[in-house]
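> Turn this into a structure:
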Amino acid sequence: MADDGRRRLFVTGGASGIGRAVAHRFAAAGWRIGLADVNAEGLERVMAELSDGRASSHVMDVRERKQWEGALSDFAGEGGIDVMFNNAGIAVGGRFADTPPDALDRAIDINFRGVVNGAHAAYPYLRRVPGSCLLNTASAAGIYGTAGAAIYSATKFAVRGLTEALDGEWRVEGIKVRSLMPGFIDTPLLDAGVSGSNQTVRERVRAAGLEFTAVEDVAQAAWRAVHGDAVHVVVGPTARRMRFAARWMPSRLRAQMARG
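This is a model prediction of the structure:
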């Protein structure tokens with residue numbers, strides 16, 4: 001993509017949900033957007049929504065390092081990337097012992113290895129832009145280990161730890177590293193089935209009486225994260241309650257998790 005002086009955002013999981021909303025938020029501010037996803041049809045729909053020529057489409061799997069290299073090179077060329085948004089992820093719910101090993105492996109590969117791949121591949125491009133930012137989607141499930149979503153929670157703890165470590169390593173080079181920690185967002189991610197039941201994650205959340213946060217609120221939080229000083233940006237009432245309870249009432253939170 002030719003360098004026209006616009007700031008640049010590359011976002012994985014850009015075909016729907018948080019990725020799509022963040023792409024719209026940054027495009028509205030005049031940024032160039034690189035949309036990446038495994039869902040080619042979804043990418044085409046979002047590209048049509050961003051029809052002013054400010055976006056490019058990159059069909060890729062975050063688990064494949066070579067695909068990362070090709071997509072980022074196509075998007076940035078010899079230039080840099082202002083924000084790399086590691087957002088692609090999948091939901092995995094249900095009892096850990098009931099979850100098939102291949103589902104556990106897939107969650108680890110996409111939710112954590114995909115973020116590692118993105119951070120490593122994007123580093124040379126971020127280093128070219130003073131004040132650039134690596135933004136990672138973690139989760140409220142990375143605040144306290146979440147019963148019924150053990151492997152998902154573990155991957156989001158890993159993303160949280162990587163975020164903190166890289167923010168320390170890269171600060172001297174002018175690269176900020178930030179994470180978003182949203183609660184439940186009503187996106188296609190929640191269509192995943194819960195192992196050991198016939199419910200989806202969305203149905204389980206509703207049955208528990210928990211609230212959803214609007215995806216537009218997460219997009220605005222992404223904007224704040226990129227331009228602010230907080231390493232972790234907590235989004236939504238569920239996430240805020242979990243952060244409070246983890247800090248001030250850990251025993252009560254542990255008992256609540258044990259009750260499911």
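> how about the helices in the protein?
17-28, 40-49, 65-76, 101-108, 114-126, 150-170, 201-207, 215-227, 237-248, 250-258 (DSSP state H).
> got the contact list for R45?
R45 sits next to A15 when contact means CB atoms under 8 Å, 6 or more residues apart in numbering. Backbone N, C-alpha and C define where each C-beta goes, glycine included.
> try I185
By CB under 8 Å, 6+ apart, the contact list for I185 reads G17, I18, F212, T213, A214, V215, V218, G236.
> List only buried entries from those.
With neighbours counted by 16 or more other CB atoms under 10 Å, the contacts of I185 contain buried members at G17, I18, F212, T213, V215, V218, G236.
> before we move on, the earlier item: could you dump the helices of the chain into TSV and include distance to L135 and mean pLDDT?
Shown next, in TSV, are these (distance: least, CB to CB, whole Å; pLDDT from 0 to 100):
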stretch	distance to L135	mean pLDDT
helix 17-28	9	96
helix 40-49	18	96
helix 65-76	15	97
helix 101-108	21	97
helix 114-126	10	98
helix 150-170	9	97
helix 201-207	24	58
helix 215-227	6	96
helix 237-248	16	69
helix 250-258	27	65
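> Of the ones you listed, flag the one that's most buried.
helix 17-28 (a mean of 23; mean count of other CB atoms under 10 Å).
> Tell me what angle it forms with helix 40-49.
30 degrees (axes from the mean of the first three to the mean of the last three CA atoms, to 10 degrees).
> Quick check: which helices or strands does helix 17-28 pack against?
In terms of contacts (3 or more CB pairs under 8 Å, 6 or more residues apart in numbering; DSSP states H and E), helix 17-28 is packed against strand 8-12, strand 32-37, helix 40-49, strand 83-86, helix 215-227.
> Repeat the analysis, applying 10 Å as the threshold.
strand 8-12, strand 32-37, helix 40-49, strand 83-86, strand 133-137, strand 176-182, helix 215-227 (3 or more CB pairs under 10 Å, 6 or more residues apart in numbering; DSSP states H and E).
> quick one, which of these is nearest to A147?
strand 176-182 (18.0 Å; CB to CB).
> what inclination does that closest one have with respect to helix 114-126?
140 degrees.
> and strand 176-182 with strand 133-137, angle?
20 degrees.
> May I have the residues that are in contact with D52?
A27 (CB atoms under 10 Å, 6 or more residues apart in numbering).
> Which pLDDT value goes with it?
The model reports D52 with a pLDDT of 74.
> Check the one 5 residues further on too.
At S57, the model reports a pLDDT of 97.
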